[in-house]
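**Q** Can you look at this prediction? I've put the sequence above it.
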Amino acid sequence: MARQVPLEKLRNIGIMAHIDAGKTTTSERILFYAHRVHKLGETHEGGATMDWMVQEQERGITITSAATFIRWKDCGINIIDTPGHVDFTVEVERALRVLDGAVAVFCAKGGVEPQSETVWRQADKYKVPRIAFVNKMDILGADFDNVVKMMRERLHTNPVPICLPIGKEDYFTGIIDILHMHSVTYTDKEGKDFIIGDIPADMIDKANDARTALIEACADFDDEIMMKYLEGEEIPKEDIIAALRKATIAMKVTPVLCGSAYRNKGIQNLLDCVVDLLPSPLDIDDVKGVDEKGNEISRAASDKEPLCGLAFKIATDPFVGKLTFFRIYSGTITPNMTVYNSNKKCKERIGRLIRMHANEREPLEEANAGEIVAIIGLKDTTTGETLCDINHPIILDTMEFPEPVVRLAIEPKTKIGQEKMAIALMKLSEEDPTFRTYTNKETGQTIIAGMGELHLEIIVDRLLREFKVEANIGKPQVAYREAIKKPARGEGRYVRQSGGKGQYGHCIIQIEPNEVGKGIEFYDEIVGGVIPKEFIKPIEDGIREAARGGVLIGYEMVDFKVHLVDGSFHDVDSSEMSFKIAGSMAFKDAAMKADPTIMEPMMAVEITVPPEYIGDVYSTVNSRRGSIKEMNERAGIRVIDADIPLSEMFGYATTLRSATQGRGNYTMQLNCYTEVPQSVKKQLLEGKKD
């Protein structure tokens, strides 16, 4: 069966940005101009195609990344619209893992905001080339040049404007296209009708300066352009576009466009640049992985190569069940085909193949290299796992996800609801790798943990509406961690004698603090066979299991090294279980001697507020154990950067609104874990006793 879109004409892109920069509105306009929808849906009215969840429509925000496919000119474009809220950053992470390019949307007033930096770093991590779209040129305080400056200073990138705004705020009427050196003026509300004309006389100098900067950026990637530029020759626009494409794909340059998605200006130009400047699957490096022996291998983007792809997202569809979103790097996939999950070493059968348009499904008879599709019928595959040809196994790099920082207790209102809730929580944790659920061994309560208050609020809302589970919800609690501050030695001796065969396990360990973020490192330093090899792993398992419950207030203990230095065994009575228990006992003994402490998540908070409320806002930060790092001015508004413990951020939105008569806003994201003050530690320990 012939490909629907040639590989060189395929683009896989994501729309990424800070919350409220206009990603979904931009996506909606792209769908409209590509004739994928025939009526413009507005985010604030709950009518956006890509925000299909009830919770998204009610709140006017994107919660889950939505995929669609459009055609523009002679190219096919897979688009993933990602959330901007920090609680759902995992959606951006897994989308960028499989995309070839991205459009970074910036608010013309806010510029580079905290979550803009986060998603930019995620794109750097996965080496995803980007173009930038400065949106909302029509709002009060819009400043294109300031956004370009902020990109250079905060993102350490090389922004090169390839279009300039004609006017701003209420007087934003169109753009100057630097690649073609003409103006585009919009004449109707829908942005379909526009006039291409000469550059306004008062902007010719600025346009010429921008073109010179563009050519100089391209000259670094094309010797022919360099020669023509030095000799003063006219350079054809085709040559400039080809060189700019090379520079963009090499991530040496970020082309910057502008417009107003809400006012339907600049979107066609953006789509032209997606096609002209962002890579096809053939322009990126071959995907690399390892075979089952650990040898590095690669797969080229070709239908003729063995099948290889990554399951990057799981979703629960009320009509068809489990959907697995899948990026095909090489080979071809068809319905009813048997594939190999190389992570779990098991076979999977493809049920049906579909292409998603938000929450609508289009059946496919075949999907080829480079494409992004959804699969119905996979049973064992989860996020980050590789599906490949049975005879040519390959394991691609998996994805790492952050640990939850907020947790709460949840219990069903009825006995019948217990089983329904367990099934629902299992499905939700399968969908979202940053959502965890477990049972507290001491209280027997079911605990759910996530990335923030909003994250858990959405989970609870989905439990009620989608899964029809009625439950009582506890108050949100901070997911503290425990750590040790000094080295210590501990001994675990487990001896039980009860007539027949007894139990005997004995080990001595030395623990010490590890670097932040390094986790638990275990070293076997047993000599002379004082503990047989088969009992070493059970000791490590016992230590890791005990660490999950900590030693102070029941939170996980992190970042320490364990050296297994001595012990003894019994020829008859020793078993794996007895050494696992001994390992757990040794850990608890050592940890209590190692000056254990409690670590709390510290949030980087950005507060935007009118100047007249600065004093009141400072007071709110100081009263919540916060520290102010710096204050800047942005478009007449003061921007305060502060570090505040997460435990103090519950209810801050209400406090800030009261202090600023509703005019203050804030965003926050996890910065680091720091040791709690002694007074807080004392409260937490007393609360544990209660």
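**A** Structure's in. What do you need? Residues are numbered from 1 along each chain as shown.
**Q** give me the low-pLDDT residue ranges for this protein?
**A** 1-2, 39-63, 84, 86, 190-191, 358-359, 441-443, 499-500, 635, 688-690 (pLDDT under 70).
**Q** now the strands for the stretch 201-350 of the chain?
**A** Using DSSP state E, counting those that start in this stretch, the strands of the stretch 201-350 of the chain run over residues 254-258, 287-290, 296-299, 308-317, 321-330, 332-333, 338-341, 346-349.
**Q** Tell me which of those strands sits most buried.
**A** Of all those, strand 254-258 has the most neighbours on average by mean count of other C-beta atoms under 10 Å, namely a mean of 25. Bear in mind the C-beta positions are built from the backbone N, C-alpha and C, glycine included.
**Q** Send over it as CSV, restricted to the C-alpha atoms.
**A** What follows is strand 254-258, C-alpha atoms only, in CSV (Å, rounded to 0.1, in the frame of the first residue of the first chain):
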residue,chain,number,x,y,z
THR,A,254,15.5,30.0,16.3
PRO,A,255,13.3,31.8,13.7
VAL,A,256,10.8,34.2,15.3
LEU,A,257,7.4,35.0,13.9
CYS,A,258,4.6,37.1,15.3
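**Q** What helices and strands are in contact with it?
**A** On a contact count with 3 or more C-beta pairs under 8 Å, 6 or more residues apart in numbering; DSSP states H and E, strand 254-258 meets strand 130-135, helix 144-155, strand 159-161, strand 163-166, helix 237-249, helix 267-277.
**Q** Pairing partners for it, with directions?
**A** As defined by DSSP bridges, the strand partners of strand 254-258 come to strand 130-135 (parallel), strand 159-161 (parallel).
**Q** what comes into contact with that strand?
**A** 104, 108, 130-135, 137, 144, 147-148, 151, 157-165, 175, 244, 248, 266, 269-270, 273, 277 (C-beta atoms under 8 Å, 6 or more residues apart in numbering).
**Q** and if you look at stretch 139-154?
**A** By C-beta under 8 Å, 6+ apart, stretch 139-154 touches 106-109, 111-112, 116-117, 132, 134, 136-137, 157-159, 161, 164-165, 168-169, 172, 254, 256, 258, 634-637.
**Q** Pipe the strands of the stretch 201-350 of the chain into a markdown table and attach distance to P645 per row.
**A** Output for these, formatted as a markdown table (distance: least, C-beta to C-beta, whole Å):
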| stretch | distance to P645 |
| --- | --- |
| strand 254-258 | 35 |
| strand 287-290 | 41 |
| strand 296-299 | 43 |
| strand 308-317 | 32 |
| strand 321-330 | 36 |
| strand 332-333 | 48 |
| strand 338-341 | 41 |
| strand 346-349 | 44 |
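**Q** May I have the beta-bridge partners of the nearest residue to I390 once chain neighbours are set aside?
**A** Of all residues not flanking I390 in the chain, Y340 sits nearest, at 4.4 Å (C-beta to C-beta, 6 or more residues apart in numbering). Note on Y340: beta-bridge partners K347, C388, judged by DSSP bridges.
**Q** ok, back up a step: out of the strands of the stretch 201-350 of the chain, flag the one nearest S658.
**A** With C-beta to C-beta, the closest approach to S658 among these belongs to strand 254-258: 36.7 Å.
**Q** how big is the angle separating the closest one from helix 267-277?
**A** Going by axes from the mean of the first three to the mean of the last three C-alpha atoms, to 10 degrees, strand 254-258 is angled at 170 degrees with respect to helix 267-277.
**Q** Going along the chain, name the helices of the stretch 351-500 of the chain.
**A** Under the criterion DSSP state H, counting those that start in this stretch, helices of the stretch 351-500 of the chain are mapped to 415-431, 453-465.
**Q** quick one, longest strand in this protein?
**A** In the chain, with assignment by DSSP state E, the single longest strand is strand 596-609.
**Q** Parallel or antiparallel, which strands does that strand pair with?
**A** Strand pairing (DSSP bridges) places strand 596-609 next to strand 481-484 (antiparallel), strand 637-645 (antiparallel), strand 665-675 (antiparallel).
**Q** any idea which of those is most buried?
**A** Of these, the one with the most neighbours on average (mean count of other C-beta under 10 Å) is strand 481-484, at a mean of 22.
**Q** next one: that strand to chain centre, how far?
**A** The chain centroid and the centroid of strand 481-484 are separated by 26 Å, computed with C-alpha atoms, centre = their mean, to the nearest Å.
**Q** count of neighbours near E153?
**A** 11 (other C-beta atoms under 10 Å).
**Q** can you check N208 too?
**A** The burial count for N208: 13, using other C-beta under 10 Å.
**Q** What residues of the longest strand of the chain count as buried?
**A** Residues of strand 596-609 classed as buried: 596, 598-609 (neighbour count, 16 or more other C-beta atoms under 10 Å).
**Q** Give the buried residues for whichever helix or strand comes after it.
**A** Downstream of strand 596-609, the first helix or strand assigned by DSSP states H and E is helix 614-622. Applying a neighbour-count criterion of 16+ other C-beta under 10 Å, one finds D616, V617, Y618, T620, V621 buried in helix 614-622.
**Q** Surely K681 is in contact with P596?
**A** No. Counting by C-beta atoms under 8 Å, K681 sits too far from P596 to count as a contact (10.1 Å).
**Q** Identify whichever of the strands paired with strand 596-609 lies nearest to I375.
**A** Across these, closest to I375 is strand 665-675 (C-beta to C-beta), at 32.6 Å.
**Q** which outside residues touch the closest one?
**A** Contacts of strand 665-675 (C-beta under 8 Å, 6+ apart): 18-19, 86, 89, 113-115, 118, 402, 405, 451, 481, 483, 516, 597-609, 643-646, 649, 652-653, 656.
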